[in-house]
Every structure is written in structure tokens, then in C-alpha cells.
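S.K.: Using only what follows, build the 3D model:
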Amino acid sequence: MSLNLQTHKEHFTNPLYLESGRILEPYDIVYETYGELSSTGDNVVVIAHALTGSHHVAGVYDGDSKAGWWDALVGSGKAIDTDRFFVICSNVIGSCFGSTGPMSKMHPYDDSYRYKFPVTTIRDMVKAQRILFDRLGIHRVHAIIGGSMGGMQALQFAIHYPNFAKKTIALAATYATQPWAIAFNKIAQEAILKDPEFKNGYYKSKDIAKDGLSGMAVGRMAGHISFLSYHSMREKFGREYKRTDGLYELFGKFQVESYLEYNGYNFTKWFDPLSYLYITKAINIYDLARGFDSLQEALKRIRSELHLISFDSDMLFMPEEMREIADLLSSTKSTKVEYTNIKSNYGHDAFLVEIDKFEDQIREILEE
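M.R.: Have a look, this model is predicted:
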């Protein structure tokens, strides 16, 4: 069977009322689908992407060599089997891969929003997706799944649209972003804002795509440290020195330094800095309990089966944060909840790189 990868864009003219009280109007959402929708429409699996992810989950575009970010998990015969399920993933509002974001044109003007773009929350991102699914005639799905910021979206779906998904699967997420994660985001934000080439938000996108942005690269390096772990760095790099650099040269590099440089500077050429600021803001203010008397009150709204997966070496969203959700839900007995803490040396990034550690569990959850 083929993956049947299809990319679409939907344009919305009705106002999107945001949590802040602001309005986004009009707006676009880009999304991708895989597999075939069943005649009864009961085989839909929604995937939500993380901070720098996009709607491109699996497969390879014509003329490109890089597969989608969860290609190892999604496809024919894989854990999220596109021979059986109709998979859909949309690019969140505020991002830079086709959905409306800070560099989009601000109707009816020809100028980009830039700082006039409203602060959007994870809940706003989910609301926009729910409107998209309604337009597509998708009112109830078999499952929704996501890791990191994608897991945040999955949990927001479960609380604010309790009858939408039969099963909710959140990996490497949390109930509210904690100071440790906010601190790493702060480094990235400050590094971007203080870079002269950022030009106070009035840069030209083509210049950033060509030359990158040093401040954003530095911030991304800090982010990469939080995504990995002590053990994964030690295993991956040890104290190996870059062979072309002399040990006693002032700017000679260890391999771990080269890795951070490569990933940091390469990243800035394909991800928009204003989108990075807006999305990290959304992550920082994410809190499932906002608008409720307590986290427990918020969680009581969940009606879908809830499957929580954490990774024991995750320093960004600690396993105990996911365990707290499970414990609170277990005490209410309002829905089925299953919590798994997976042993991994890869830190937060395990949900992207150690697919073999949880793919069988995902397959079982979906096929139950």
C-alpha cells in the first residue's frame, strides 16, 4: 500500500477568537493527510507536532531527501499504520510552514503582521484545528497523539473537546510548563532579540534564509542541551575532538561543540525567528489548569482513554510531571488512564529518536 501523502491548505474568513481576547481574521491552516478515510469515518488519527515540527509527519516530498519528522512511526505497516488509519496533521497557527503566523500578510494590508500578530496559546492552536476538522467533516476521531508541544495539544483536546477523541496519547509532555523549561526558552528569546541582524523584528526573511541568525543559533544550542541528556551526549560524543582541529588551538572544537554549532546555525536558515518567539511564548504560558479552579478540576473533563508516556532521562518535562496527571486522574476514576515511564538515555528527544522503545505500545493502543 502507498502512503498516499497529500498536502492541503484551508482558508478561513470567520474570526478566530483567541484566549487573550484578540481576534485572528482571516487565517490559513496547512495540513497533510496519509492513508484513506474509511466509509464510516471511524479510522482517523490526529497527530500534533512539536515546537519546530510541521504538518510534514511522514514520507518524502518529490525532489527532497528528508523524510517527515515521525516517518519511523507513521506509514504502511508501521505503528501508526496508514493501511488502516487516515492520519492528519496540521501546522499550528503561529508557525512558519504555511499556516498563518507573524510573517503572514496582515489583511487587508500588504505588510506582514510581525509584532502585530496576537499572542496565541496552545489552546488557541487546538481551537483552530478543531474548526479545521469540522470543515473537513471530522467530528470524532479514533485517536490523537503528540509529543512535547504536540502532547500539550493532545491534552488540551482531551479537556476542551472531551468527546472528540476516543484515545489520547501524550508523550514527553507536562500539565504546565515549569521554570526549568521557561529558563531555556528565555535564553533563546534573549539571544534572538539582542542580535543586530534581527533588526527589532523587521528583518527580511530572505536574508535570514540565506545567512541565518547568530543569536537564534546560540539560543537553539541551549535548547539542544535541554533536549538531550548527560548520558546521550556522553555516548554520542564522549570527549572526542574534531579531527581537523588542533587540541591546543584556542578555537579548536570538541565534537559536541561542532554538533551544537551545526544544528544551531543550520536551524536558523529554515525556521523563522518571530515564529520561534511566538511559539516559545505559547509553550511558556501553557497550563492545563488555567480557567479552572484546579488541575484536578480540568482533568475531570477528560472522557477519552488517556495514555501518558514519559522518558526517565527527560530534563525538559520531567517524568513526575506526567505521573502527576496520571495520579490525579486515577483518584477521580473519571476515565481510563495508563502511565508508562520509559527507560532511555536520549532525554527529551527520545520521543523522536527512540521509536523502537514505544512503537509497539502505540500500535497496541491504537488496535485495542
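
S.K.: Neighbours of residue 31, how many?
M.R.: The tally of other residues near residue 31 (other C-beta atoms under 10 Å) stands at 21. Where C-beta positions appear, they are placed from N, C-alpha and C, glycine not excepted.

S.K.: Skip the chain neighbours and tell me the closest residue to it.
M.R.: By the measure of C-beta to C-beta, 6 or more residues apart in numbering, the closest residue to residue 31 outside its immediate chain neighbours is residue 90, 3.7 Å from it.

S.K.: got the contact list for the one you found?
M.R.: Under the criterion of C-beta atoms under 8 Å, 6 or more residues apart in numbering, the contact list for residue 90 reads 29, 30, 31, 32, 55, 99, 129, 132.

S.K.: closest to residue 22 among those residues?
M.R.: Sorting the contacts of residue 90 by how near they are to residue 22, with C-beta to C-beta, puts residue 99 at the top with 16.7 Å.

S.K.: the strands in this structure, which residues?
M.R.: Residue ranges of the strands in the chain, as given by DSSP state E, are 6-12, 16-17, 23-24, 27-34, 44-48, 74-75, 80-81, 86-90, 141-147, 165-171, 305-311, 337-342.

S.K.: For the fourth one, which outside residues touch it?
M.R.: What that stands for is strand 27-34. 3-12, 16, 55-59, 74-75, 82, 86-91, 93, 97-100, 104, 128-129, 132.

S.K.: my read: residue 35 touches residue 83, true?
M.R.: Yes: with contact taken as C-beta atoms under 8 Å, residue 35 and residue 83 are classed as touching, separated by 6.9 Å.

S.K.: The two - which one has more neighbours?
M.R.: Shown here are residue 35 and residue 83; by other C-beta under 10 Å, residue 35 has more neighbours (26 against 14).

S.K.: Could you turn the buried ones of the contacts of strand 27-34 into a PyMOL selection?
M.R.: The buried residues among the contacts of strand 27-34 can be selected in PyMOL (16 or more other C-beta atoms under 10 Å) with this line:
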select buried, resi 3+5+12+16+55+56+57+58+59+74+75+82+86+87+88+89+90+91+93+97+98+99+100+104+128+129+132
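
S.K.: circling back to that earlier point, now the contacts of residue 90 as CSV including distance to residue 362 and pLDDT?
M.R.: Below are those laid out as CSV (distance: C-beta to C-beta, whole Å; pLDDT from 0 to 100):
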residue, distance to residue 362, pLDDT
29, 25, 98
30, 25, 98
31, 21, 98
32, 19, 98
55, 20, 98
99, 26, 98
129, 20, 98
132, 24, 98
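
S.K.: Run through the stretch 101-250 of the chain and note the low-pLDDT ranges.
M.R.: Low-confidence regions of the stretch 101-250 of the chain, defined by pLDDT under 70, are absent; no residue qualifies.

S.K.: if we can go back for a sec, could the strands of the chain go into TSV alongside distance to residue 283?
M.R.: Shown next, in TSV, are those (distance: least, C-beta to C-beta, whole Å):
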stretch	distance to residue 283
strand 6-12	24
strand 16-17	19
strand 23-24	19
strand 27-34	19
strand 44-48	13
strand 74-75	23
strand 80-81	24
strand 86-90	18
strand 141-147	13
strand 165-171	14
strand 305-311	17
strand 337-342	22
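
S.K.: gap between the residue nearest to residue 31 and residue 164?
M.R.: In this structure, residue 90 and residue 164 are 14 Å apart, going by C-beta to C-beta, to the nearest Å.

S.K.: and if you look at residue 313?
M.R.: When C-beta to C-beta is applied, the distance between residue 313 and residue 164 equals 32 Å.

S.K.: Could you do residue 111 as well?
M.R.: With distances defined as C-beta to C-beta, the gap from residue 111 to residue 164 amounts to 36 Å.

S.K.: With neighbour numbers in mind, choose between those two.
M.R.: With other C-beta under 10 Å as the criterion, residue 111 and residue 164 differ in neighbour count, and residue 164 comes out ahead with 21 against 8.

S.K.: which residues does the residue lying closest to residue 127 once chain neighbours are set aside form a beta bridge with?
M.R.: Of all residues not flanking residue 127 in the chain, residue 16 sits nearest, at 6.9 Å (C-beta to C-beta, 6+ apart). Partner residues in beta bridges with residue 16: residue 24, with DSSP bridges as the criterion.

S.K.: Taking the centroid of the protein, which residue is nearest it?
M.R.: Closest to where the C-alpha atoms of the chain average out (C-alpha atoms, centre = their mean) is residue 50, at 0.8 Å.

S.K.: if you skip the residues just before and after it, what's nearest to that residue?
M.R.: Excluding its sequence neighbours, the residue lying closest to residue 50 (C-beta to C-beta, 6+ apart) is residue 148, at 4.0 Å.

S.K.: now residue 330
M.R.: The spatially closest residue to residue 330, leaving aside those adjacent along the chain, is residue 337, at 5.9 Å (C-beta to C-beta, 6+ apart).

S.K.: How many neighbouring residues does the nearest residue to residue 114 once chain neighbours are set aside have?
M.R.: If the residues on either side of it in the chain are set aside, residue 114 comes closest to residue 201, at 5.1 Å by C-beta to C-beta, 6+ apart. Look at residue 201: counted by other C-beta under 10 Å, it has 15 neighbours.

S.K.: Identify the residues contacting residue 201.
M.R.: With contacts taken as C-beta under 8 Å, 6+ apart, residue 201 has the following neighbours: 114, 115, 274.

S.K.: gap between residue 180 and residue 341?
M.R.: With distances defined as C-beta to C-beta, the gap from residue 180 to residue 341 amounts to 18 Å.

S.K.: Which residue of the two possesses the greater neighbour count?
M.R.: Relative neighbour count places residue 341 above the other of residue 180 and residue 341, with 16 against 12, counting by other C-beta under 10 Å.
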